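1. Please find the sequence and the predicted model below.
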Amino acid sequence: MTDAGRTEYDHVFYPGHPFAQTHPERLATIASLFGMQPAPVDRCRVLELGCGIGGNLVPMAYQLPDSEFLGIDLSESAIAKGVSNVARLGLTNIELRRADIMEVTPAFGRFDYIIAHGVYSWVPPTVRARMLSIFKQNLNPRGVAYVSYNAYPGSHFRDLTREMMLHHVQGMDNPKERIAQGRALLASLAAATADNTAYGVVIRDQLERVKATPDEVIYHDDLNAAAEAFYVRQVAADAARAGLQYISEATFAHTSLGGHAEPVMEVIRQIPASEFVQREQYLDFFVGRGFRETLLCHADIALDRNVGPQRLKRYHVVAFTQPELAEADPAAPGVVSFKTEKGSAIATDHRLSKAALLYLSENWPQAVGFPELLERSLARLGSAAAPIRANLDEEVDTLLDVLFRAVCRNHIELHLYPPRLTTMISERPTASLLARREAENATFVTSLRHALVRLEDTTVRHFLLLVDGTRNVDALVSDLNAVLAAAQDRATEGGTTDGAPPARPEVNRGRVEESLKVLARLGLLIA
């Protein structure tokens with residue numbers, strides 16, 4: 001706390017936005033993969049510790065109107081801003097409350113999901129211990145807790161530069177000065193260190209990280225002398241002492257052994273499967289992980305850690321799998337390569353798998369249930385599906401293997417409860433109310449996939465505001481042109497430099513139809 005009970009977060013605003021990996025649907029999906037039966041997300045109770053302005057929690061409340069949400073934070077100004085945002089959306093299923101984590105008692109009630117993102121590494125030991133006790137006392141029997149923290153060994157590199165930055169800004173009280181001087185020191189170090197030394201490589205890598213990090217995050221994260229990183233084994237041991245157990249990471253690919261090279265597996269195989277935390281620790285050693293997003297549950301829950309391809313049958317699948325050849329024919333022999341959202345590739349010569357990946361690409365970002373995916377893929381193969389149907393069990397096993405390997409490499413997402421979005425353009429399309437409210441004052445909006453979408457083009461933002469379910473395509477063309485003309489008039493109120501009348505922007509029906517498809521692909525149109 002700082003003067004008059006205000007926190008550092010009241011003095012330097014911390015940006016709030018959604019984190020897809022914290023969404024209760026993600027937590028439910030991962031927990032169910034490991035044999036749990038978590039509460040259905042359409043009727044659940046969620047608590048977020050350190051909710052800030054509600055940038056993560058408010059979109060959840062909008063997406064899940066029949067669930068209940070409570071967020072607490074010490075920052076009075078952050079809570080006030082969040083409460084204002086809740087009111088603008090007319091949400092009645094969420095409460096944002098100014099409160100100290102140390103004040104959370106059993107009287108707060110029980111929750112199906114508890115979230116603590118960006119808190120654990122940045123609070124004193126007493127608060128960390130209290131967080132674990134909250135997970136224990138306030139989590140329903142089948143509940144899931146999410147906690148993120150800076151992790152070793154990767155954070156050793158960050159600590160190297162953090163400590164030098166903190167030393168350099170000693171005695172500086174002005175936040176802007178601290179941020180500027182911290183950045184300046186790193187720039188000087190990068191310029192002075194040799195290219196061919198490990199030290200120089202680390203310094204320059206950290207400089208690039210800091211350059212890409214907003215000032216507010218640098219101030220609260222890097223220039224926070226109390227920040228601490230942990231080995232996963234430490235967090236798991238502390239959780240165990242609190243009566244909790246480690247489930248997994250919030251991203252299955254970060255836990256799965258399926259995406260690692262043989263030299264890694266040679267070491268991992270020497271560790272008994274029952275020592276799963278030890279396996280996780282060695283995986284961190286191999287990848288140099290510097291940040292973890294860990295899921296916990298009560299210690300008495302029986303987990304099934306033998307997660308394999310057959311388990312995918314109960315989930316919905318979503319993937320951006322763009323074929324490298326525009327006219328790829330899944331029925332033709334040969335390998336087809338698909339580019340993923342993150343730029344990696346999936347290559348297969350299995351006809352049923354090729355058809356499935358094409359179908360997923362065409363339906364992105366719609367999540368497709370496995371039975372539907374199988375039937376649509378067979379239908380796409382036409383007459384070439386006959387021999388596949390004759391040997392369907394083996395063919396399905398191969399398809400599941402292909403999909404599971406992609407899941408293990410984070411190329412494909414699984415959903416137990418698919419997001420309520422659509423790729424279909426209705427007669428009077430409707431964009432998310434949350435995104436429309438955000439677009440009024442910001443270039444970033446929250447998609448129905450609980451992810452940030454950047455809308456730098458003001459025309460796109462104007463268009464999004466009009467897609468409110470009251471207009472057909474013709475009305476959207478007319479009204480968008482009127483909005484753009486009015487904006488042009490305001491921009492040229494003083495006249496043009498050559499005295500000629502300003503050129504009027506003109507949007508036609510084709511552009512509006514294409515823009516609606518873009519909104520659908522961004523996950524902004526509601527079903």
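-> On my side now, so go ahead.
2. Name the residues of stretch 60-78 that come out as buried.
-> Neighbour-count burial for stretch 60-78 flags 60-64, 67-75, 77-78 (criterion: 16 or more other Cβ atoms under 10 Å). For every residue, glycine as well, the C-beta is placed using N, CA and C.
3. So which of those residues belong to strands?
-> 68-73 (DSSP state E).
4. Could you dump the residues you listed into TSV with distance to Leu357 and pLDDT added?
-> Putting those into TSV (distance: Cβ to Cβ, whole Å; pLDDT from 0 to 100) gives the following:
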residue	distance to Leu357	pLDDT
Glu68	38	98
Phe69	36	98
Leu70	41	98
Gly71	39	98
Ile72	43	98
Asp73	42	96
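5. For my notes, please list those in a markdown table and give distance to Leu524 for each entry.
-> Below are these laid out as a markdown table (distance: Cβ to Cβ, whole Å):
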| residue | distance to Leu524 |
| --- | --- |
| Glu68 | 25 |
| Phe69 | 22 |
| Leu70 | 27 |
| Gly71 | 24 |
| Ile72 | 30 |
| Asp73 | 28 |
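6. if we can go back for a sec, and which of the buried residues of stretch 60-78 is nearest to Gln322?
-> Nearest to Gln322 among these is Gln63, at 26.7 Å by Cβ to Cβ.
7. buried sites along whichever helix or strand Glu177 is part of?
-> Glu177 belongs to helix 175-192 when assigned by DSSP states H and E. Using 16+ other Cβ under 10 Å as the test for burial, helix 175-192 gives 175, 178-179, 181-183, 185-186, 189-190.
8. Mind picking the two most distant members of the residues you listed?
-> Once Cβ to Cβ is applied, those give Pro175 and Ala190 as the farthest pair, at 23.0 Å.
9. Name the residues of the strand ranked longest in the chain that are buried.
-> When the chain is parsed with DSSP E, its longest strand is strand 139-150. Residues of strand 139-150 classed as buried: 139-140, 143-150 (neighbour count, 16+ other Cβ under 10 Å).
10. ok, now stretch 110-124?
-> 111-123.
11. and the strand or helix carrying Val217, what's its mean pLDDT?
-> In this structure, Val217 is located in helix 215-217 according to DSSP H and E. Averaging pLDDT along helix 215-217 yields 90.
12. Not counting its own residues, what contacts that helix?
-> Helix 215-217 is contacted by residues 12-15, 176, 179 when judged by Cβ atoms under 8 Å, 6 or more residues apart in numbering.
13. ok, 10 Å please
-> 9, 12-15, 118, 175-176, 178-180, 182-183, 210, 223 (Cβ atoms under 10 Å, 6 or more residues apart in numbering).
14. Name the nearest of these relative to Gln278.
-> For the contacts of helix 215-217, the nearest to Gln278 is Gly118 (26.7 Å; Cβ to Cβ).
15. give me every residue that touches that closest one.
-> Here Gly118 is in contact with 14, 19, 22, 50, 52, 56, 147-150, 217, 220-221, 291 (Cβ under 10 Å, 6+ apart).
16. Against Arg449, how distant is Val396?
-> 27 Å (Cβ to Cβ, to the nearest Å).
17. In stretch 225-242, which residues are buried?
-> Quick answer for stretch 225-242 (16+ other Cβ under 10 Å): 227-232, 235-236, 238-239, 242.
18. mind listing which of these are in helices?
-> 232, 235-236, 238-239 (DSSP state H).
19. Neighbouring strands - and their directions - for the helix or strand containing Leu96?
-> For Leu96, the host element (DSSP H and E) is strand 94-98. If you go by DSSP bridges, strand 94-98 pairs up with strand 68-73 (parallel).
20. Run the chain-centre distance for the strand it pairs with.
-> 19 Å (Cα atoms, centre = their mean, to the nearest Å).
21. now swap in stretch 40-55 and tell me
-> 15 Å.
22. ok, and for it, which residues are buried?
-> Result for stretch 40-55 [16+ other Cβ under 10 Å]: buried residues 40-41, 44-55.
23. could those go into CSV alongside distance to Leu27, secondary structure and pLDDT?
-> CSV is the format used below for the buried residues of stretch 40-55 (distance: Cβ to Cβ, whole Å; DSSP: H, G, I helix; E, B strand; the rest coil; pLDDT from 0 to 100):
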residue, distance to Leu27, secondary structure, pLDDT
Pro40, 12, coil, 97
Val41, 8, helix, 97
Cys44, 10, coil, 98
Arg45, 13, strand, 98
Val46, 9, strand, 98
Leu47, 12, strand, 98
Glu48, 12, strand, 98
Leu49, 14, strand, 98
Gly50, 17, coil, 96
Cys51, 16, coil, 97
Gly52, 19, coil, 95
Ile53, 22, coil, 95
Gly54, 18, coil, 96
Gly55, 18, coil, 96
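24. Which single one of those residues is nearest to Arg97?
-> Using Cβ to Cβ, those come closest to Arg97 at Cys51, 8.8 Å.
25. residues contacting the closest one?
-> If you count contacts by Cβ under 10 Å, 6+ apart, then Cys51 has 16, 57-58, 69-73, 75, 78-79, 82, 94, 96-97, 115-117, 119 around it.
26. if we go to 8 Å?
-> Contacts of Cys51 (Cβ under 8 Å, 6+ apart): 57, 71-73, 78, 82, 96.
27. Please convert the residues you listed to TSV, extending it with distance to Leu33.
-> Formatted as TSV, those follow (distance: Cβ to Cβ, whole Å):
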residue	distance to Leu33
Leu57	24
Gly71	27
Ile72	29
Asp73	31
Ala78	34
Gly82	32
Leu96	31
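28. Nice, that's everything, thank you.
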